[in-house]
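Engineer: Attaching a predicted model along with its sequence, questions to come.
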Amino acid sequence: MGVVGFYMHIGLPNTQRADREGGMDIRRWFKKKQESAPVALPRGILDVTKPFDFCADLFGYLVDKRASGQSLSQVEQVAYSLLDMGPTIKMDGFVDLFYQAYSLRECAIVEEYLRRLGLSKLADLFAEAKSLYVQGRSDITEEAYREIDPFAMTGEEGARFDELGEMATADGSELWLIPDRVFEYVKANSVPLT
């Protein structure tokens with residue numbers, strides 16, 4: 001199921017409310033925050049004008065690119081990681097963002113770009129959940145991170161982690177703004193593939 005199918009399948013919440021609560025003119029922000037090296041993408045993707053359709057096409061392109069062993073540019077990695085968040089939570093659960101979907105490095109990228117894209121509330125939830133997942137260790141290595149038992153969280157920590165997952169997917173959550181923000185971010189940082 002593509003990104004569009006995912007968001008339509010679970011029912012798209014009121015994104016206007018979440019955007020209003022964020023209080024940010026994202027288009028003005030993107031004009032100031034372009035990456036130094038734009039990514040070249042197929043014109044067929046760049047010509048799509050609806051954010052959900054654009055993100056579905058882009059995500060499919062990035063999945064294929066990764067499957068063929070090609071590395072992703074910074075812009076592509078950010079887009080892939082952020083667009084993968086909702087489907088991963090829906091299909092595998094919130095804990096699988098940390099257990100299976102993201103490396104420790106990717107967690108840092110996700111948190112940074114959630115903030116850069118004006119999704120600070122979601123970034124805060126994500127950061128707190130990651131801190132619980134790694135049991136508060138700030139000096140953890142990638143290897144130690146991969147060895148964490150996702151079912152070891154119990155008691156108050158486990159309950160809080162579950163609460164964070166519910167907050168991240170609730171109506172009005174900034175999670176539902178990711179496609180709009182990725183659309184703007186990628187459009188501002190890409191050129192047609194020649």
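Structural biologist: It's in.
Engineer: The spatially most central residue of the chain: what secondary structure?
Structural biologist: Of all residues in the chain, the one closest to the mean position by Cα atoms, centre = their mean is L82, 1.8 Å from it. What DSSP: H, G, I helix; E, B strand; the rest coil gives for L82 is helix.
Engineer: Pretty sure it sits against V110.
Structural biologist: Yes. At 6.6 Å, L82 counts as touching V110 under the criterion of Cβ atoms under 8 Å. For every residue, glycine as well, the C-beta is placed using N, CA and C.
Engineer: measure stretch 85-104 end to end?
Structural biologist: 15 Å (Cα to Cα, to the nearest Å).
Engineer: So which bits of it are buried?
Structural biologist: Judged by neighbour count using 16 or more other Cβ atoms under 10 Å, the buried positions of stretch 85-104 are 85-89, 94-95, 97-99, 101-102, 104.
Engineer: Tell me which of these fall in helices.
Structural biologist: Of the positions in those, M85, G86, P87, T88, I89, L104 sit in helices, assigned by DSSP state H.
Engineer: gap between the first one and D139?
Structural biologist: Pointing back at M85 there. Applying Cβ to Cβ, to the nearest Å, the value for M85 to D139 is 26 Å.
Engineer: now swap in the fourth one and tell me
Structural biologist: Between T88 and D139 the distance, using Cβ to Cβ, works out to 26 Å.
Engineer: circling back to that earlier point, in JSON lines, list the ones in helices among the buried residues of stretch 85-104 along with distance to C55.
Structural biologist: As requested, those are exported to JSON lines (distance: Cβ to Cβ, whole Å):
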{"residue": "M85", "distance to C55": "12"}
{"residue": "G86", "distance to C55": "10"}
{"residue": "P87", "distance to C55": "11"}
{"residue": "T88", "distance to C55": "15"}
{"residue": "I89", "distance to C55": "16"}
{"residue": "L104", "distance to C55": "25"}
